[in-house]
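K.L.:
The sequence and its predicted three-dimensional model are supplied below.
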Amino acid sequence: MYLLRSLSRLWAGQARFLCMIGLICLCLFGTVSLLAHAAGVQKTSANVILSLTYGPPTTKTTMSGTGFASSESVSVTFDGNVVGTTVTNATGEFTLPIIVPSSALPGQHTVVAQGQGSGDSSQAQFLVQTNWQNIGFDSQHRSYNPYENVLNVTNVPDLALDWTVTTGGKIISSPAIVNGVVYVGSEDDKLYAVNAASGAILWTFTTGGAIDSSPTVLNNIVYIGSDDGKLYALSAGKGKVIWSYTTSGAITSSPTVANNIVYIGSQDHTLYAVKAKVGKLLWKYVSGGAIYAAPAIAKGIVYISSADHKLYALNAVSGNVIWSYTTRGKITATPVVSEGMVYVGSEDGHFYALNMNNGKLLWKVGSGGGDPIDASPAVANGIVYLGDAFFFMYAYDAKTGMPLYSFNLRYIYSFPALANGVVFVGSGDTNIYACNAATGAVIWYYTTGNNVFSSPAVANGMVFVGSSDFKLYAFHLPA
């Protein structure tokens, strides 16, 4: 019996030993399998690229993928949120249009494609960034940024000064913000390129006269006019001259670029249409007075205001007159085009809304004090926001001209800028204001050292504006 009990204990011990060996083998096998699978993932050729890698919220881009499993479902996420699904073809490839979410904040974002069968994945980066490319935001000069999703009525009262850049002269020019750089002219004859995040001056370019013209930045080229009578095309990166075109008068008009053509007015009474890449004159139109303001462009028509009291509509390709409308005073304000209408103020104290196709008067209103209207409006969401040279900012129904409200802001000569329910505007009383677009209530202001004739630009959660105190200002929300 003793021998049997001993053999039984020995057998039980060996059985436990064998079980432990078996468990160890299973663990080792599982580990080897996992390592092998991980090695297999690393060896896969799954890869994705985006057709556009930067742009504002709601940008449409296309993801192309290769190296996935054949005929498997692929899910695409933007910062972890699904923005599209598709199925690969027989060779493991796919293309999928996606839309950047409207809520995507400025900065880098990760876009991931993952195979639902193989588990293979690859990712790409997308930079959310909105450009304010010229005075009035776009070639129609509506002065409305539809992509702003940082600043709003609730948080704008917290705006704080981020940085200033001091130039050698007044800043009447309005800033453009493109690819993280602010471009603005000064009456010290220089164009400045400034890092939008830090305020560091990247480069300057000196012309032969004061720069009250506002820059337009497109396709890595900066276009700017000068009192020396020249239109300049500069490289956006270093400020080197690509070409220049000489007119016979000072230029305060800001250039507008569309379809590879630069349109700019001069005080020699002429609108010039110049090839954007090489600076060659295509055509010119001579009006009866100086052209001080930027032309607006929409649907193949160029709209120009002139000191001869007229607003002109010209064929954008040929320069032929389509129609003209005569007011009782000089027109020095930039025309604005929106929803089939063109809006412009006159020094006769009236603001006009015309049919953009035939120049027919649709409505007009007078300024509060009968003073000249040299400012241009912001137009969005069926409302026109306009300041005059007296004491008021107005909001009108864009279709009928019916007054919606007015509020007391003094001496408005600049474009208002509209973004996410807030109207920003500079004033001759030295202040920069932010108002609730729905009510007109002032929700924030900042006092500069002199008049603010520069028009604000709003992009990527920041506000940029120049002042006659020689400074360029940048505001942001505290971190």
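P.N.:
Done, it's in.
K.L.:
With adjacent residues omitted, what lies nearest to the residue nearest the centre of the chain?
P.N.:
What sits nearest the mean C-alpha location of the chain, by C-alpha atoms, centre = their mean, is residue 131, with 2.5 Å. Take residue 131 and drop its neighbours on the chain: the residue closest to it by C-beta to C-beta, 6 or more residues apart in numbering is residue 178, 4.5 Å away. From N, CA and C alone the C-beta is placed, and that goes for glycine too.
K.L.:
Also residue 355?
P.N.:
Across the structure, with C-beta to C-beta, 6+ apart as the measure, the residue nearest residue 355 apart from its sequence neighbours is residue 362 (6.0 Å).
K.L.:
And residue 216, by the same measure?
P.N.:
For residue 216, the nearest residue in space outside its immediate sequence neighbours is residue 134; the separation is 3.8 Å by C-beta to C-beta, 6+ apart.
K.L.:
Equivalent analysis for residue 319, please.
P.N.:
In space, not counting the residues next to it along the chain, residue 319 is nearest to residue 283; the distance is 4.0 Å by C-beta to C-beta, 6+ apart.
K.L.:
was I right about the one you found contacting residue 274?
P.N.:
No - using C-beta atoms under 8 Å, residue 283 is not in contact with residue 274, being 9.3 Å away.
K.L.:
For stretch 166-179, buried residues please.
P.N.:
By 16 or more other C-beta atoms under 10 Å, the buried positions in stretch 166-179 come out as 167, 169-178.
K.L.:
Nearest to residue 225 among those?
P.N.:
Top of the list for closeness to residue 225, among the buried residues of stretch 166-179 and by C-beta to C-beta, is residue 173 at 9.8 Å.
K.L.:
give the contact list for the closest one.
P.N.:
By C-beta atoms under 8 Å, 6 or more residues apart in numbering, residue 173 lies in contact with 184-186, 211-215, 454, 466.
K.L.:
Please report how far it lies from residue 212.
P.N.:
In this structure, residue 173 and residue 212 are 6 Å apart, going by C-beta to C-beta, to the nearest Å.
K.L.:
How many residues are close by residue 361?
P.N.:
Using other C-beta atoms under 10 Å as the criterion, residue 361 is surrounded by 10 other residues.
K.L.:
residues contacting it?
P.N.:
Residues near residue 361 by C-beta under 8 Å, 6+ apart: 325, 352-354.
K.L.:
As JSON lines, the residues you listed with neighbour count would be great.
P.N.:
As requested, the contacts of residue 361 are arranged in JSON lines below (neighbours: other C-beta atoms under 10 Å):
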{"residue": "325", "neighbour count": "20"}
{"residue": "352", "neighbour count": "24"}
{"residue": "353", "neighbour count": "24"}
{"residue": "354", "neighbour count": "23"}
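K.L.:
quick revisit: got the contacts of residue 173 as CSV, with neighbour count and pLDDT columns?
P.N.:
Output for those, formatted as CSV (neighbours: other C-beta atoms under 10 Å; pLDDT from 0 to 100):
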residue, neighbour count, pLDDT
184, 28, 98
185, 31, 98
186, 25, 98
211, 31, 98
212, 25, 97
213, 30, 97
214, 30, 98
215, 29, 98
454, 30, 96
466, 32, 98
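K.L.:
Of those, which is the nearest to residue 194?
P.N.:
The shortest distance between residue 194 and any of the contacts of residue 173, using C-beta to C-beta, involves residue 184 and amounts to 7.4 Å.
K.L.:
now that closest one, nearest residue through space, not along the chain?
P.N.:
When the adjacent residues along the chain are set aside, residue 184 lies closest to residue 175, with 4.2 Å between them (C-beta to C-beta, 6+ apart).
K.L.:
right, and the residue nearest to the centre of the chain touches residue 459 too?
P.N.:
Yes - using C-beta under 8 Å as the test, residue 131 is close enough to residue 459 to be in contact (6.8 Å).
K.L.:
shared neighbours, these two?
P.N.:
When C-beta under 8 Å, 6+ apart defines a contact, the residues bordering residue 131 and residue 459 alike are residue 177.
K.L.:
Give me the subset of the contacts of residue 173 lying in strands.
P.N.:
Those of the contacts of residue 173 mapping onto strands are 184-185, 466, per DSSP state E.
K.L.:
After the lowest-mean-pLDDT helix or strand in the chain, which helix or strand is next?
P.N.:
Taking mean pLDDT, DSSP states H and E as the measure, the helix or strand of the chain with the lowest value is helix 2-43, at a mean of 39. Sequence order places strand 47-50 as the next helix or strand after helix 2-43, per DSSP states H and E.
K.L.:
before we move on, the earlier item: ok, what's across the strand from the residue nearest to residue 131?
P.N.:
Following DSSP bridges, residue 178 is listed with bridge partners residue 181.
K.L.:
Find the residue closest to residue 182 in space, skipping its chain neighbours.
P.N.:
Using C-beta to C-beta, 6+ apart and skipping the chain neighbours, the partner closest in space to residue 182 is residue 194 (4.5 Å).
K.L.:
pretty sure the residue nearest to residue 216 belongs to a strand, no?
P.N.:
No - residue assignment for residue 134, taken from DSSP: H, G, I helix; E, B strand; the rest coil, gives coil, which places it outside any strand.
K.L.:
Now for the contacts of residue 361: which two are most distant?
P.N.:
Among these, 325 and 353 lie farthest apart (C-beta to C-beta), at 10.8 Å.
K.L.:
Pass me the low-pLDDT residue ranges in this protein, would you?
P.N.:
1-44, 368-370, 389-391, 410 (pLDDT under 70).
K.L.:
Domain ranges for it, per the record?
P.N.:
In the assignment given by automatic domain parsing, the structural domains of the chain cover 47-128, 144-476.
K.L.:
just these: most buried one?
P.N.:
domain 144-476 (a mean of 21; mean count of other C-beta atoms under 10 Å).
K.L.:
Quick check: end-to-end length of stretch 230-248?
P.N.:
End-to-end distance for stretch 230-248, by C-alpha to C-alpha, to the nearest Å: 8 Å.
K.L.:
How about stretch 197-214?
P.N.:
The distance separating the two terminal residues of stretch 197-214, taken as C-alpha to C-alpha, comes to 21 Å.
K.L.:
Assumed residue 157 was part of a helix.
P.N.:
Yes - when classified by three-state DSSP, residue 157 is found to be part of a helix.
K.L.:
Distance of it relative to residue 395?
P.N.:
Residue 157 sits 20 Å away from residue 395, going by C-beta to C-beta.
K.L.:
swap in residue 241?
P.N.:
43 Å.
K.L.:
Check residue 236 too.
P.N.:
Where residue 395 is concerned, residue 236 sits at a distance of 36 Å (C-beta to C-beta).
K.L.:
Next: residue 143.
P.N.:
Distance of residue 143 to residue 395, computed by C-beta to C-beta: 14 Å.
K.L.:
Is it correct that the residue nearest to residue 182 falls within a strand?
P.N.:
Yes - going by three-state DSSP, the assignment for residue 194 places it inside a strand.
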